[in-house]
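*Asks:* I'll drop the sequence and a predicted model, then ask my questions.
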Amino acid sequence: MDRMTTDELLQRWDAGSMTGDELRELTSRLEDPAGRCALLEAWLLESGLPERLPGAALSSLQPVERLEPFEDPATGWEKRRTGWFSWRPLVAAAAGVVLGMFCTSVGFAYLGPALSKMQTLLYDSFENGPLPEGKGVPRECGIWSGDFTEIVGEQQGVKPESGTKMLRFVRADYEGKAKTEGNHISDVYRLIDVRPYRREFADGSVVAQLSAAFNAFAFPAQENYNAALTLYAIDSQTAASLANRDDFTLWTKALAFAAHHRTRLDRDPKTWQFVSTDLRLPAETDFLFLHIAVLNSSASRTHLNFDGHYLDSARLTLGRRTLKP
Amino acid sequence: MATEPLTLQQAAGEFIRDRHRLGAYVNGLLRDAHAAEDVLQEVWVLLSAELEKGHPIQNQAAWCRGVAKNLILRHWEKRQTAKVIADSNALEAFMDRVEACFAWADTQDHFASARLAALDQCLGSLPERSRRVLSLKYTQRLAVERIAEETGQSLVAVKKALLRLRHALLECVRRRLSQEEWTV
């Protein structure tokens, strides 16, 4: 083997074309501080590039969705407060610390009771409206898009939580996805224009709440599935390049986000599990980006398909709440 | 003295603060951005589950890397691709050494942030055309063949351009950092 530089060895690793001897050589170089720095710098650069480069602009963003009449949330919705966090990344990056996080489960509290003067921006029980698209992240407001899903009626012992239809997560990939091996998360997304409400949340007192109901068929006992919700507040520039962003990048590009990834689905098709997450809206928010997913967390997962996992009653509301000083 | 277990809020803060290093670790080992994203999400799910059970975690960054390593090994095992080195002893030794590199970086206050700040400056000095090629590769995640179509270049030219750009950025980052050290 010709004497390669550490950078060249790292390139070979990156390309997946490394021999065993080259790997041993690279390993021994990493004992040296210069080799250690070379690896750290190369890998930091590689993972840091996506969030530092512009994405492709969208041709147009559609106007705000039509508002539907709001009814009070049904009783029995369990607000799960654990397993989520929210974050103001831009502030955090500037200050070098994480700011703006709030989590009622660990002692931060809102003044007053629940949301007052709540405005429903979206309530979808999948009874009508455009069919979800399996084309990855949506390029416009007003549609669900993401991985392959379908609208179904009652099946496998699961009755819709509301109405006669519900959304079924079908696969962990979408039309034209470049790499599908190893995928085990089925996602749907929706973009909501909140610019018409900016005056309402300019003072930082408005909280957006995303909630949804999940259910699953009686899947085998050795399998595990989690429901996940993430709500991002983003500006127009980030919205215009959404199709090119992954979650991890979006975490750093969003003005703020809140996530809940911790509800494990039970195996009882008769029970719907309700999940919600709240996000205080930064004044600069132009759009809300909804990400709803089911994760296959089974040790034995081997395929992209989801055999009977359902979503219903997806709801997004805005309400005014003030933080305790 | 007993260590107070981290609250979920504190853990989330630390997870976000360390995201660049953890992202580099996962992405560097996997070399597959989609799979890396899944692993990162799953690490967070497992971390929050552990904290909810009240299990104390002494060194969160190392714990996350340990979990990520197991998920990566599982991913490789399932995919059985050519990228997986057949010599598992050599691979294990490499991963141990990589862990040592990142454990060292954990002890350096500004190692990652200084390099990423330098990267911002270096990207700013690139011509628009070069930034576009990088965008096609890193934000749109197009295959080299598609980048060639988009840019009207040959496959070989695109491969060379990407290698050259990556190398140039790396050198630029190092040069800027050495200048800063010199002027401090």
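*Replies:* Received it, and whenever you're ready, just let me know what you need.

*Asks:* Kindly format the C-alpha coordinates of the host helix or strand of B:V45 as CSV.
*Replies:* Secondary structure assigned from DSSP states H and E places B:V45 in helix B:33-52. Provided in CSV are the C-alpha atoms of helix B:33-52 (Å, rounded to 0.1, in the frame of the first residue of the first chain):
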residue,chain,number,x,y,z
ALA,B,33,-27.5,10.8,5.7
HIS,B,34,-31.0,9.1,5.7
ALA,B,35,-29.9,6.3,8.0
ALA,B,36,-28.0,8.8,10.2
GLU,B,37,-31.1,10.8,10.7
ASP,B,38,-33.0,7.7,11.8
VAL,B,39,-30.3,6.8,14.2
LEU,B,40,-30.2,10.3,15.7
GLN,B,41,-34.0,10.2,16.2
GLU,B,42,-33.8,6.8,17.8
VAL,B,43,-31.0,7.8,20.2
TRP,B,44,-33.2,10.6,21.4
VAL,B,45,-36.1,8.2,21.9
LEU,B,46,-34.0,5.8,23.9
LEU,B,47,-32.4,8.6,25.9
SER,B,48,-35.7,10.1,27.0
ALA,B,49,-37.0,6.6,27.8
GLU,B,50,-34.0,6.0,30.0
LEU,B,51,-34.5,9.3,31.8
GLU,B,52,-38.2,8.7,32.3
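
*Asks:* A:T27 is in contact with B:A100, correct?
*Replies:* No. B:A100 lies out of contact with A:T27 (Cβ atoms under 8 Å); the separation is 10.3 Å. For glycine as for every other residue, the C-beta is placed from the backbone atoms N, C-alpha and C.

*Asks:* where are the low-confidence patches of chain B?
*Replies:* B:1-6, B:9, B:79-87, B:180-184 (pLDDT under 70).

*Asks:* Can you pull up the most central residue in it?
*Replies:* With distances taken as Cα atoms, centre = their mean, B:A24 lies nearest the centre of chain B, 1.3 Å away.

*Asks:* Could you double-check that that one sits in contact with A:W43?
*Replies:* Yes. Between B:A24 and A:W43 there is a contact under Cβ under 8 Å: 4.1 Å.

*Asks:* which element is A:R36 on?
*Replies:* Under the criterion DSSP H and E, the helix or strand holding A:R36 is helix A:33-48.

*Asks:* Name the residue in B:A100 and A:T27 with the higher neighbour count.
*Replies:* The residue with more neighbours, out of B:A100 and A:T27, is A:T27; 20 against 13, by other Cβ atoms under 10 Å in any protein chain shown.

*Asks:* Which stretches in chain B count as helices?
*Replies:* Per DSSP state H, chain B carries helices over the ranges B:8-17, B:19-30, B:33-52, B:60-79, B:88-106, B:111-124, B:128-138, B:144-151, B:155-183.

*Asks:* Leaving out the residues flanking it, which one is nearest to A:D14?
*Replies:* B:R31 (5.7 Å; Cβ to Cβ, 6 or more residues apart in numbering or on different chains).

*Asks:* Now that neighbour: phi and psi?
*Replies:* In terms of degrees, to the nearest 10, the main-chain angles of B:R31 are phi 60, psi 40.

*Asks:* still on that earlier bit, now for the residue nearest to the centre of chain B: which residues touch it?
*Replies:* Applying Cβ atoms under 8 Å, 6 or more residues apart in numbering or on different chains to B:A24 gives the contacts A:L40, A:W43, A:L44, A:E46, A:S47, A:G48, B:F102, B:A112.

*Asks:* swap the cut-off to 10 Å and go again
*Replies:* Counting by Cβ atoms under 10 Å, 6 or more residues apart in numbering or on different chains, B:A24 makes contact with A:39-48, B:36, B:102, B:105, B:112, B:115-116.

*Asks:* From those residues, pick the one nearest B:L155.
*Replies:* Here the nearest of the contacts of B:A24 to B:L155, counting by Cβ to Cβ, is A:E46; it sits at 21.0 Å.

*Asks:* Verify the contact between that closest one and B:L29 for me.
*Replies:* No. Assessed by Cβ atoms under 10 Å, A:E46 is found out of contact with B:L29, at 11.1 Å.

*Asks:* now the strands for the stretch 51-200 of chain A?
*Replies:* Using DSSP state E, counting those that start in this stretch, the strands of the stretch 51-200 of chain A run over residues A:84-87, A:116-124, A:145-146, A:149-152, A:166-171, A:185-193.

*Asks:* A:P269 is nearest to which of these?
*Replies:* Distance to A:P269, taken as Cβ to Cβ, is lowest for strand A:166-171 among the strands of the stretch 51-200 of chain A, at 11.7 Å.

*Asks:* ok now the closest one, how far from the chain's centre?
*Replies:* Relative to its parent chain, strand A:166-171 has a centroid offset of 16 Å by Cα atoms, centre = their mean, to the nearest Å.

*Asks:* Between strand A:185-193 and that strand, find me the angle.
*Replies:* Here strand A:166-171 runs at 130 degrees with respect to strand A:185-193, directions being taken by axes from the mean of the first three to the mean of the last three Cα atoms, to 10 degrees.

*Asks:* Name every strand pairing with strand A:166-171 and say which way it goes.
*Replies:* strand A:149-152 (antiparallel), strand A:305-320 (antiparallel) (DSSP bridges).

*Asks:* can I get these in JSON lines with mean neighbour count and mean pLDDT?
*Replies:* Output for the strands paired with strand A:166-171, formatted as JSON lines (neighbours: other Cβ atoms under 10 Å in any protein chain shown; pLDDT from 0 to 100):
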{"stretch": "strand A:149-152", "mean neighbour count": "19", "mean pLDDT": "94"}
{"stretch": "strand A:305-320", "mean neighbour count": "20", "mean pLDDT": "90"}
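
*Asks:* Now do the phi/psi pair for A:L255.
*Replies:* When read as degrees, to the nearest 10, the backbone of A:L255 gives phi -70, psi -30.

*Asks:* correct me, but it touches A:A239?
*Replies:* No. In this structure A:L255 lies outside contact range of A:A239 using Cβ under 10 Å: 11.0 Å.

*Asks:* list residues touching both of the two?
*Replies:* Counting by Cβ under 10 Å, 6+ apart, the residues touching both A:L255 and A:A239 are A:Y232, A:D286, A:F287.

*Asks:* Highest neighbour count among the residues you listed?
*Replies:* When neighbours are taken as other Cβ under 10 Å, the top entry among the shared contacts of A:L255 and A:A239 is A:Y232 (29 neighbours).
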